[in-house]
Structures are given as structure tokens and as C-alpha cells.
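Q: Attaching a predicted model along with its sequence, questions to come.
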Amino acid sequence: MAFPLDDLLRTRLAPPGDWHGTPLRLAAVLCPIVQHDGEDHLLFLVRPANARQHAGQIAFPGGMRDGDESIAATARRECREEIGVPDDAIELLGALPPRTSSSGILAHAVVARLLPVATQPDPDEVVRILHVPLRLLQDESRWHERPPPGGATGNQPKTSPHFPFGEDLLWGLTARFVRDLLAVLRGG
């Protein structure tokens with residue numbers, strides 16, 4: 001199945017590269033694009049309220065590098081572990097520039113198309129899966145720059161992009177990666 005958005009992203013995104021020397025810990029997330037209800041959505045996870053890190057937050061599947069695996073391998077493994085998506089259902093489209101998290105981790109975001117496949121969330125890491133239509137994320141009037149919500153941990157910037165979606169709030173590093181992807185889609 002062909003997805004026009006995928007061809008555009010392949011031309012505008014750099015391929016997932018290699019880890020660069022840094023004293024920071026290294027992590028990768030997968031920024032999954034899925035067809036849902038006949039249109040493109042970004043797939044997010046909602047973390048459990050009792051999670052050790054990022055409790056209750058909306059995130060992409062992701063985590064720390066394991067051994068000598070590549071950025072793409074880390075992102076694929078985390079997606080497999082957290083929501084049960086097999087590697088052959090993940091079509092890599094490219095990578096966004098890495099960002100440093102509030103907890104001092106250099107995070108790489110790999111953009112990918114998830115082919116239609118049943119997900120199996122790991123209940124220890126995922127309360128539920130959230131699909132947000134790309135067209136809503138592209139609506140600038142829905143975005144606001146605000147201080148982090150109460151209870152935010154780490155060395156938070158004074159403000160971050162916030163995107164309310166029903167009862168959920170996308171903010172922080174994940175929101176910054178979404179904003180980076182939207183800039184790529186706008187041609188910036």
C-alpha cells in the first residue's frame with residue numbers, strides 16, 4: 001500500500017544515522033504514523049500514573065540504547081516491547097534531529113510508518129494507545145507555549161509546546177519532536 005506522505009518524508013528527512021560521541025545517556029523513540037479511520041495519525045502511548053519515569057505522560061514508544069544497537073534498532077525494539085509491533089510492520093522513513101531531554105538523555109526520534117497490525121500494549125509501560133489525527137496536529141491554533149504541568153520532573157525548560165487532545169495533554173520532549181515533524185511537513 002502506498003502512502004503519499006511517506007514519499008514526502010523520505011525526501012525531507014535524513015536517514016537514521018549513528019550515535020555521536022557524547023557524555024549523555026542515549027535513547028531512541030519511534031514516531032509512528034498510522035492509518036486510522038482513513039487518515040494519517042500519530043500513535044502515542046499513555047504511560048501509567050505509577051510509572052517510575054514520565055508517569056501519566058503521553059510519549060512515543062522509546063527507551064534507552066541496549067548494548068551496541070543502532071538508533072533504528074533501539075527505536076524498533078522499544079516499539080516491539082511496548083506495543084508488540086513486529087519489525088516487519090515498521091517502515092522507517094527517516095529521522096528528526098536529536099534533542100536533549102530534561103533528564104539529560106540525548107534522544108533520537110525515528111519517523112516510521114506502522115503497517116496495519118494488531119498492537120499488544122505492555123501493561124507495565126502503557127495504559128493505552130492514543131491516535132491523534134495529523135490534520136489536528138497541523139492546526140497551529142491548537143498549540144500553546146506554556147510552563148510544564150505541575151509535577152514535572154527533571155531540569156525542565158521554562159516553557160514547552162502544549163497540545164490538548166480531549167482529556168490528554170501532549171507536552172515536553174514528545175511535543176517538541178511532533179513540532180519538528182510538523183516543520184518538516186511544512187517544508188521548513
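A: Cool, the structure landed.

Q: how about residue 162, what does it touch?
A: By Cβ atoms under 8 Å, 6 or more residues apart in numbering, residue 162 lies in contact with 143, 144, 145, 146, 169, 170, 171, 175. Bear in mind the C-beta positions are built from the backbone N, C-alpha and C, glycine included.

Q: now, which of the residues you listed lie within strands?
A: Cross-referencing the contacts of residue 162 against strands under DSSP state E gives 144, 145, 146, 169, 170.

Q: how about CSV for those, with distance to residue 15, neighbour count and pLDDT added?
A: Shown next, in CSV, are the ones in strands among the contacts of residue 162 (distance: Cβ to Cβ, whole Å; neighbours: other Cβ atoms under 10 Å; pLDDT from 0 to 100):
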residue, distance to residue 15, neighbour count, pLDDT
144, 33, 12, 96
145, 31, 10, 94
146, 34, 13, 90
169, 32, 16, 94
170, 26, 23, 95
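
Q: Out of these, which is nearest to residue 19?
A: residue 170 (26.5 Å; Cβ to Cβ).

Q: so the closest one touches residue 177, yeah?
A: No: Residue 170 sits out of contact with residue 177 when judged by Cβ atoms under 8 Å, with a separation of 10.1 Å.

Q: in the helix or strand where residue 11 lies, what's buried?
A: The secondary structure element spanning residue 11 is helix 4-12 (assigned by DSSP states H and E). In terms of neighbour count (16 or more other Cβ atoms under 10 Å), helix 4-12 has its buried residues at 6, 9, 12.

Q: still on that earlier bit, and the ones in strands among the contacts of residue 162, which is closest to residue 70?
A: Minimum distance to residue 70 across the ones in strands among the contacts of residue 162 is 27.2 Å, recorded for residue 170 (Cβ to Cβ).

Q: Identify the residue spatially nearest to the residue nearest to the spatial centre of the chain, adjacent ones excluded.
A: Most central in the chain under Cα atoms, centre = their mean is residue 60, positioned 3.3 Å from the mean C-alpha point. Spatial nearest neighbour of residue 60, chain neighbours left out: residue 29 (4.1 Å); criterion: Cβ to Cβ, 6 or more residues apart in numbering.

Q: where's the one you found, which helix or strand?
A: Per DSSP H and E: strand 25-36 holds residue 29.

Q: re earlier: what's the spacing between the residue nearest to the centre of the chain and residue 176?
A: Residue 60 sits 11 Å away from residue 176, taking Cβ to Cβ, to the nearest Å as the criterion.
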